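Q: pasting the sequence and the predicted model now:
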Amino acid sequence: MEHMDINLALQQEFSKAQQARISKNEGQARVCARRAAGIAIRDYLTRNGTRVPSMSAYDLLNLLKEDPLIPADLKLIADHLTVRVTEEFNLPFDADLIAESRILCDWLLNN
């Protein structure tokens with residue numbers, strides 16, 4: 001995917017994530033934040049010479065956690081984006097996954 005397309009795709013996912021949050025649908029917001037991260041991860045890996053099999057954003061996040069070049073704080077974000085929600089559909093910790101995903105995407109696009 002071309003850089004401009006990636007930025008547009010990310011913008012669309014983050015926009016959908018914000019809309020979902022406004023509609024009090026945090027689950028959908030999380031899905032969009034995760035998809036955005038997946039787009040950026042696929043781009044990052046491809047640019048760094050890794051052939052990326054067709055994987056879900058969830059699988060790509062897990063793959064990123066194993067990457068020794070990724071800073072620890074970003075691995076924590078990847079971890080947050082893959083955590084299962086509780087029975088009440090809440091996260092077991094307090095985090096803004098949309099904001100965290102943006103931080104992760106920015107780093108990936110610039111490295």
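A: Structure received.

Q: pick out the residue nearest the middle of this structure.
A: Ala37 (2.2 Å; Cα atoms, centre = their mean).

Q: and whichever strand or helix holds Leu81, what's buried?
A: In this structure, Leu81 is located in helix 72-82 according to DSSP states H and E. Buried residues in helix 72-82, counting neighbours by 16 or more other Cβ atoms under 10 Å, are found at Leu74, Lys75, Ile77, Ala78, His80, Leu81, Thr82. No exception for glycine: its C-beta is placed from N, CA and C like everyone else's.

Q: contacts only, for the residue nearest to the centre of the chain.
A: Ala57, Leu60, Leu61, Ala78, Leu81, Ser101, Leu104, Cys105 (Cβ atoms under 8 Å, 6 or more residues apart in numbering).

Q: quick one: mean pLDDT over the single longest helix found in the chain.
A: Counting by DSSP state H, the longest helix found in the chain is helix 26-47. What helix 26-47 shows for mean pLDDT is 94.

Q: now the angle from that helix to helix 72-82?
A: 130 degrees (axes from the mean of the first three to the mean of the last three Cα atoms, to 10 degrees).

Q: how far out from the middle of the chain is helix 26-47?
A: 3 Å (Cα atoms, centre = their mean, to the nearest Å).

Q: list the contacts for Asp79?
A: Asp79 neighbours (Cβ under 8 Å, 6+ apart): Lys65.

Q: can we see that at 10 Å?
A: Listed by Cβ atoms under 10 Å, 6 or more residues apart in numbering, the contact set of Asp79 reads Leu61, Asn62, Leu64, Lys65, Phe93.

Q: which among the residues you listed count as buried?
A: Leu61, Leu64, Lys65.

Q: what about Ala95, which SS state?
A: coil (DSSP: H, G, I helix; E, B strand; the rest coil).

Q: swap in Gly49?
A: From three-state DSSP, the assignment for Gly49 is coil.

Q: what number of residues are in the vicinity of it?
A: Counted by other Cβ atoms under 10 Å, the residues lying close to Gly49 total 6.
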